[in-house]
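Novice: Need coordinates for the following:
(2 chains, ligands or ions: 1)
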Amino acid sequence: MASNYLSNSALKAINRIGDMMIPRNGEFPSFSEVGGIAYIDDLVSYAPPADIKDLNLLLTILAFMPNFVLRWLLNRMENSMESSGPLAPIFRMLDVGLRGLIFSCYYTEKIPASYTGKKPLDIIGFDLTRVED
Amino acid sequence: MYDYIIIGTGPSGGNIAHNLFKAGANILVLEAGKLMNKKTFPRTEADTSARLYWGGGIEFDTDAKMGFLRTRVVGGTSIVNQCLLDRFDDIAFNDWKAESGVNWFTNEQLAKHYDTVEHALALHTFTANEMNRNAQLFTQSCDKIGVKWGYLRKGQSDCAQERGNDCMACLGGCHRDSKQSSYAGYLRDDIAAGLNIQTETEVTQIVHNGNTVTLHALQQSKPVTFQAKNIVLAGGAFGTTKMLLQSGFKKQLPALGKNFSTHPQFMSFGLFNEEIHAYKGYFQTVASKDPNLRQKGYKLENVFAPPISAAMLFSRTGAYHQEIMRNYTRMTCIEVAVRDENAGEIKVDNKGKLTIDKPFTAQDRRRRDEGRELIANILTNEGAKKVYASPFSVGLHLMGGSVMGTDSAKSVVDPEFRVHGYKNMFVADSSIYPNAPGINPSLTIMALAQKLSDQLIGANHGI
Ligand SMILES: Cc1cc2nc3c(=O)[nH]c(=O)nc-3n(C[C@H](O)[C@H](O)[C@H](O)COP(=O)(O)OP(=O)(O)OC[C@H]3O[C@@H](n4cnc5c(N)ncnc54)[C@H](O)[C@@H]3O)c2cc1C
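Specialist: The predicted model follows:
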């Protein structure tokens, strides 16, 4: 797993947070088991360079946080729509940004061949038909 | 030196470029996004967000409570929209007239422009046998509780439904060229016929030199310059307003950036015992068409969301999230689209970044809450075991920022589509909307663009 845009620590942070957001549970594989992060450059490469720099910095900081701090942060983020105060917009942005990355790498058609389990899109029953002429 | 440079290729720019090209004008079209086609549009939801949308997905207001969607590709936001094409009613035009002082904002005055646009595009009004299960349950329940609904009209030519095509796929660009985006409807054939277009070219500054206009742009990050006798700004509410703001026009035009509205949408999902597969077949065929709701300032749309978007809308993570996603195929969905007050403001910060203030007013909140309550009632009457109201709101119809009006202290564009005080700078896109019509905006954007095209061709501005 390597990225041309995100550092190794940043990628590790995504996997850690991803597993907190989507742990292995019943039929659902955990975020890191699926390995969709292998295609993260397909998403990140289109973001403005300044945003990529900020994302790298943020994820690198998160990578060094202990689990209980990360869990506290995720909880704050999850409840940020109802909260007010000067930090609330930052938590809301973080929430959408991180969930966006993680769900995009999980509910995806692009999964490495090394993952042989049932794909998350199959588990939820999503099977879009495109008739192309 | 070009006679006209048109900036942007959405419903506005696409229409104007097409008309001026057909009239033989010496034009150049500039577009920040890439040229894609039915073969090259993204095939996954994640790639769609990353490749087609400005900001790599979604842009936010300063409070990060509302997200805005707009695209950067030849065809503009019409590449990803549902292409539901409705004329305005008298309520919408009367409110525009009252706010702007522009007296030709009437159905009668715009009828011939609507006619021309409708004639140029393939339109289809849905029928009962085209409803999927999501729509059937919605309409049955509306009938039960007395909410009037109607079939939608969409710009589409051949969606291959009889062969099992799922139209949700066209949220990432229509892979059949059926949807009548401004690319499929206008530009595709013009480009093949030699329309002069430069893509991946973002205009960053407009310099007005009297009889000519100079445009500075970044073409794949390299600075380039263009000159024209006239320019037409068609970058949409954010794009056009941003170009004018960062070129310093705010000094002469104090209303620049103001009066932004967006029809904020709030989705609620209903969980059923039966399999619904709301993403199958035609994506949107019906909506509320109820004079009572129109008067109250909101409407209900029968929609759904692809998996990543649905996961985002449900907001939570962990086991709760997985439980909801496990039931993805047993969900129906209705959204309330609020006819919001134009209290928003589009600004540019000192780094050249867009910042959007979008206060959600007491009236907006009341309309949202009433709509949500009605949706919960409809979903429960449909037989939903549980109703999930998403806390997120999304603005898909970005309107205003460079509004049209007679008074240059309160508006940016005059009734002849000229930026106040600049005879050769025109705007006819969603940025000129004086306030939120509460109706799908695209058809009227094209009708206004058609009116401007006729005006330019008629006045023989360099053609
Ligand atoms: C998911 C979704 C569904 C929708 N469904 C419907 C619907 O069913 N019916 C309806 O009526 N409306 C719908 N809309 C809204 C509709 O698509 C927009 O209102 C409409 O496209 C706006 O048209 P426009 O020409 O003003 O701007 P846009 O379509 O946004 O086009 C502007 C173009 O200008 C380009 N541009 C911007 N700035 C610059 C610059 N500086 N230099 C060069 N190029 C620039 C952009 O890249 C873009 O291509 C939907 C929108 C979304 C996001």
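Novice: Test for you: state the pLDDT assigned to the nearest residue to A:S45 once chain neighbours are set aside.
Specialist: Among residues not flanking A:S45 along the chain, A:Y5 sits closest, at 6.2 Å (Cβ to Cβ, 6 or more residues apart in numbering or on different chains). Where C-beta positions appear, they are placed from N, C-alpha and C, glycine not excepted. Looking at A:Y5, its pLDDT is 96.
Novice: again, but for B:G55
Specialist: B:G55 carries a pLDDT value of 83.
Novice: on that earlier part again, let me know whether the residue nearest to A:S45 touches A:D41 as I believe.
Specialist: Yes - between A:Y5 and A:D41 there is a contact under Cβ atoms under 8 Å: 5.8 Å.
Novice: quick revisit: which ones are touching the residue nearest to A:S45?
Specialist: Counting by Cβ atoms under 8 Å, 6 or more residues apart in numbering or on different chains, A:Y5 touches A:40-41, A:44-45, A:52, A:56.
Novice: in a strand, that's where it is, yeah?
Specialist: No - counting by DSSP: H, G, I helix; E, B strand; the rest coil, A:Y5 falls outside a strand, being coil.
Novice: what's the nearest residue to B:A376 if we skip its chain neighbours?
Specialist: B:V387 (5.0 Å).
Novice: Sheet-wise, list the partners of the helix or strand the one you found falls within with their directions.
Specialist: Per DSSP states H and E: B:V387 is located in strand B:386-389. Applying DSSP bridges to the sheet, strand B:386-389 is found paired with strand B:265-271 (antiparallel).
Novice: so how far is the helix or strand hosting B:I445 from its chain's centroid?
Specialist: In this assignment (DSSP H and E), B:I445 forms part of helix B:442-458. From the chain centre to the centre of helix B:442-458 is a distance of 17 Å (Cα atoms, centre = their mean, to the nearest Å).
Novice: residues in contact with the spatially most central residue of chain A?
Specialist: Centroid-nearest residue in chain A, with Cα atoms, centre = their mean: A:I102, separated by 1.7 Å. By Cβ under 8 Å, 6+ apart, the contact set of A:I102 is A:14, A:17-18, A:21-22, A:31.
Novice: Run through the helices of the chain in chain order.
Specialist: Assuming you mean chain A. Assigned by DSSP state H, the helices in chain A fall at A:8-21, A:31-34, A:40-44, A:49-63, A:67-78, A:88-106, A:120-123.
Novice: Chain B was what I was after
Specialist: For chain B, applying DSSP H gives helices covering B:11-22, B:45-52, B:90-100, B:107-120, B:133-145, B:182, B:188-192, B:236-246, B:291-296, B:307-314, B:318-326, B:362-382, B:442-458.
Novice: for the ligand, what are the nearby residues on chain B?
Specialist: Residues of chain B lying close to the ligand by Cβ under 6 Å from any ligand atom are B:7-13, B:30-33, B:69-70, B:72-73, B:76-78, B:80-84, B:202-203, B:234-236, B:239, B:243, B:396-397, B:429-430, B:440-442, B:445.
Novice: Any stretches of the chain with poor pLDDT?
Specialist: Reading this off chain A. Within chain A, the segments meeting pLDDT under 70 span A:1.
Novice: you looked at the wrong chain, it should be chain B
Specialist: Using pLDDT under 70, chain B drops low at B:460-463.
Novice: Just give me the residue right at the centre of it.
Specialist: B:H397 (4.3 Å).
Novice: Provide a list of residues in contact with that one.
Specialist: B:262-263, B:430, B:436, B:440-441.
Novice: That one - nearest residue in space that isn't next to it in sequence?
Specialist: On the basis of Cβ to Cβ, 6+ apart, the spatially nearest residue to B:H397 that is not a chain neighbour turns out to be B:H263, at 4.3 Å.
Novice: what's the burial count for the one you found?
Specialist: A count of nearby residues for B:H263, using other Cβ atoms under 10 Å in any protein chain shown, gives 22.
Novice: list the contacts for it?
Specialist: Applying Cβ under 8 Å, 6+ apart, we find B:H263 in contact with B:337-340, B:395-397, B:399, B:436, B:438.
Novice: State the distance from it to chain A.
Specialist: According to Cβ to the nearest Cβ, to the nearest Å, B:H263 stands 20 Å off from chain A.
Novice: Phi, psi for that residue please.
Specialist: Here is the backbone geometry of B:H263 (degrees, to the nearest 10): phi 50, psi 60.
Novice: Ok, the one 10 residues further on next?
Specialist: Backbone torsions for B:N273, taken as degrees, to the nearest 10, come to phi -80, psi -40.
Novice: Can you tell me the closest non-neighbouring residue to it?
Specialist: Excluding the flanking residues, the one nearest B:N273 by Cβ to Cβ, 6+ apart is B:K385, at 6.7 Å.
Novice: For that neighbour, list the residues it contacts.
Specialist: Taking Cβ under 8 Å, 6+ apart, we find B:K385 in contact with B:271-273.
Novice: In JSON lines, list the residues you listed along with neighbour count.
Specialist: Compiled in JSON lines, those are given as follows (neighbours: other Cβ atoms under 10 Å in any protein chain shown):
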{"residue": "B:L271", "neighbour count": "17"}
{"residue": "B:F272", "neighbour count": "20"}
{"residue": "B:N273", "neighbour count": "9"}
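Novice: Could you single out the nearest of those residues to the ligand?
Specialist: Distance to the ligand, by Cβ to the nearest ligand atom, is smallest for B:L271 among the contacts of B:K385, at 24.1 Å.
Novice: what's the spacing between the closest one and A:R99?
Specialist: Relative to A:R99, B:L271 is positioned 21 Å away (Cβ to Cβ, to the nearest Å).
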